[in-house]
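>>> test case, fold it:
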Amino acid sequence: MNKDILKKLNHESFYFKTIPIYFLTLLKNYFRLQIEGLENIPKKGSVLITPNHSGFSGIDALLLNYVLVNEAKRLPRVLTHKFWFGTKISSAIFQKLGFFEATYENGKVYLNRKNAVVLFPEGEQGNFKPSQKMYQLQEFKRGFVRLAIETDSPIVPALIIGAEESNFTLSQLHLNHFLKGITLPLPINLIPLPAKWKIKFLDPIYLPYDKSALENTELIHEITSDIEDLMQRKINEELKKRSSVYF
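Take a look at the predicted model:
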């Protein structure tokens, strides 16, 4: 590869496509990942992708990122738990790979730049919930609906099936005194089990509202609840289709 080609390489794309590729390809094969609904992701322009969150390890975010980069050909911004940005080193590494702290302002900035943004509406309560609540969506936060309206971005709900059976969680640890209110999981297994995974992208949702709707709390709540109900129904349908979890 000559110097001219190197100069043309998108710096960001280089990190996305080379550094984690071997590890994530291994994970994809380990979980025998199936992918459906890629056609529902816009090829360009802003889009807000809203998956269910499960499995304490965060592998769901990594594999979803992998799928968006390598299959959907989008370079996403994944809004994730502030725990991963506790040091300058960890913050620099995750930002190079497209992961940023889950704040409203970060979401707005990257959607306004016409990026694909991944936001988990359940927040940490989704992937840190005890396994006795597996596939039971935790109450969605409403910020993602506000972001979609404010930036005029479609919402593409995404279902992640299999992560719940890969990493089991006994309960939650609330570290209010030591880590400024951070909640962490109490895991049962640290090495993920080889459950079969599926990531499915649902039809895009276009919200026909202008920014004045941001003041309508009741409307925002209704839209949030409708999307949560839709995703729960679709998750239940996918679970019924499975013939087995591990084989």
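
>>> tell me where the model's unsure across the protein.
1-20, 83-86, 171-185 (pLDDT under 70).

>>> helices of that one, start to end?
In the chain, the segments counted as helices under DSSP state H are 3-8, 11-18, 21-30, 59-70, 88-96, 104-112, 124-127, 143-151, 163-166, 217-241.

>>> same list (the ones you listed) but as a markdown table, adding distance to residue 42 and mean neighbour count.
C-beta: built from backbone N, CA, C; applies to glycine. Converted to a markdown table, those look like this (distance: least, CB to CB, whole Å; neighbours: other CB atoms under 10 Å):
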| stretch | distance to residue 42 | mean neighbour count |
| --- | --- | --- |
| helix 3-8 | 25 | 8 |
| helix 11-18 | 18 | 13 |
| helix 21-30 | 23 | 13 |
| helix 59-70 | 12 | 22 |
| helix 88-96 | 24 | 13 |
| helix 104-112 | 12 | 17 |
| helix 124-127 | 25 | 21 |
| helix 143-151 | 13 | 22 |
| helix 163-166 | 25 | 24 |
| helix 217-241 | 18 | 14 |
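
>>> format those helices as JSON lines; extra columns: distance to residue 76.
Shown next, in JSON lines, are the helices of the chain (distance: least, CB to CB, whole Å):
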{"stretch": "helix 3-8", "distance to residue 76": "22"}
{"stretch": "helix 11-18", "distance to residue 76": "9"}
{"stretch": "helix 21-30", "distance to residue 76": "13"}
{"stretch": "helix 59-70", "distance to residue 76": "5"}
{"stretch": "helix 88-96", "distance to residue 76": "13"}
{"stretch": "helix 104-112", "distance to residue 76": "9"}
{"stretch": "helix 124-127", "distance to residue 76": "18"}
{"stretch": "helix 143-151", "distance to residue 76": "14"}
{"stretch": "helix 163-166", "distance to residue 76": "18"}
{"stretch": "helix 217-241", "distance to residue 76": "19"}
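
>>> residue 210: which of those helices is closest?
Checking these against residue 210 by CB to CB gives helix 143-151 as the closest, at 7.8 Å.

>>> name the residues that touch the closest one?
Helix 143-151 is contacted from outside by 46, 48, 50, 104, 107-108, 111-112, 117, 119, 121, 153-155, 205, 207, 209-211, 213-214, 220, 223-224, 227, using CB atoms under 8 Å, 6 or more residues apart in numbering.

>>> check stretch 104-117 too.
41-42, 44-49, 68, 72, 74-79, 100, 119, 143-144, 146-147, 150-151, 153.

>>> and with 6 Å instead?
Stretch 104-117 is contacted by residues 45-48, 74, 76-77, 79, 100, 143, 147, 151, 153 when judged by CB atoms under 6 Å, 6 or more residues apart in numbering.
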